[in-house]
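1. let me see the structure of the following:
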Amino acid sequence: MPSHAEFTGPASASQLARSSPVRFPGESAAYRKARTELLAEEIDLRRRIEHVAEMRRALPPGGPVPEDYLFQGADGPVKFSALFGKHHTLITYNWMFGTRRERPCPMCTSLLSAYDGEMPDILQRVAFAVIATSPIERMTAFASERGWRHLPLYSSAGTDFNRDYAGETDDSGDNAAFNVFRRDGDTLRHFWAAEMGAGTADAGQDPRGAPDPMPIWNLLDMTPEGRGKDWYPKLGY
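-> Below you'll find the model as predicted:
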């Protein structure tokens, strides 16, 4: 792992942590000592996250998108190139709601429910598209049931998009996938994909990204119980 100096100025993470004036009623000296050590690690993690983000932004140009896929949106047919709108960057999320499923994936749905509330802000910076192989009418009906208001939904049925960018095959069913695309002049290029999955998971952990894209897991990681190993979101309670 790179040293502190590669991430920021002269102050070490430990120095910054020790300089924090935060104290809480009734805390013991042992608690404060352990908390200050943890704060140094949190500062280190923040620097590491920024370092990785800088590396991501510095990636060479990715491969050109092989075709201008024709999707179905709520208002009719939409070419992939049109999903960018006024932006040069497009984020896509492959929603596990294929034709073989009676109901969508609860984990995907939990994630997208969180993103729905953030979408008006996200769309100020980049374009975003939620893509599934179900008919668009089925997708929008569930969105209405769930109370989603802002997610741009598109059906990729009849295209190779899911095969090309979510690794789906005729036998695999549907896969969740994050992809980022960039408009490079007249060329649309793949920029980045989330490639952390079962094959890169650490022993005893569910597959997860870094940082984890699901807000719920980040929040639970702040608690004494953590995210746990036997609880997952459901479509209803």
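2. where's the spatially most central residue of the chain relative to His51, distance?
-> Centroid check for the chain by CA atoms, centre = their mean gives Pro213 as the closest residue, at 3.6 Å. To His51, Pro213 is 19 Å away according to CB to CB, to the nearest Å. Where you see a C-beta, it was placed from the backbone N, CA and C, and this is true even at glycine.
3. would you list every one of the strands in the protein?
-> Ranges of strands in the chain, per DSSP state E, are 70-73, 76-79, 89-94, 127-132, 153-155, 177-184, 187-193.
4. would you format these as CSV with mean pLDDT and mean neighbour count included?
-> Below are the strands of the chain laid out as CSV (pLDDT from 0 to 100; neighbours: other CB atoms under 10 Å):
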stretch, mean pLDDT, mean neighbour count
strand 70-73, 98, 18
strand 76-79, 98, 12
strand 89-94, 98, 21
strand 127-132, 98, 23
strand 153-155, 98, 23
strand 177-184, 96, 19
strand 187-193, 97, 16
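5. ok, back up a step: pLDDT score assigned to the residue nearest to the centre of the chain?
-> Model confidence at Pro213, given as pLDDT, is 93.
6. I'd assumed Phe178 was in contact with it.
-> Yes: between Pro213 and Phe178 there is a contact under CB atoms under 8 Å: 6.6 Å.
7. got the buried residues for the longest helix seen in the chain?
-> Secondary structure of the chain per DSSP state H: the longest helix is helix 29-57. By neighbour count on 16 or more other CB atoms under 10 Å, the buried set for helix 29-57 is 35, 39-40, 43-44, 47.
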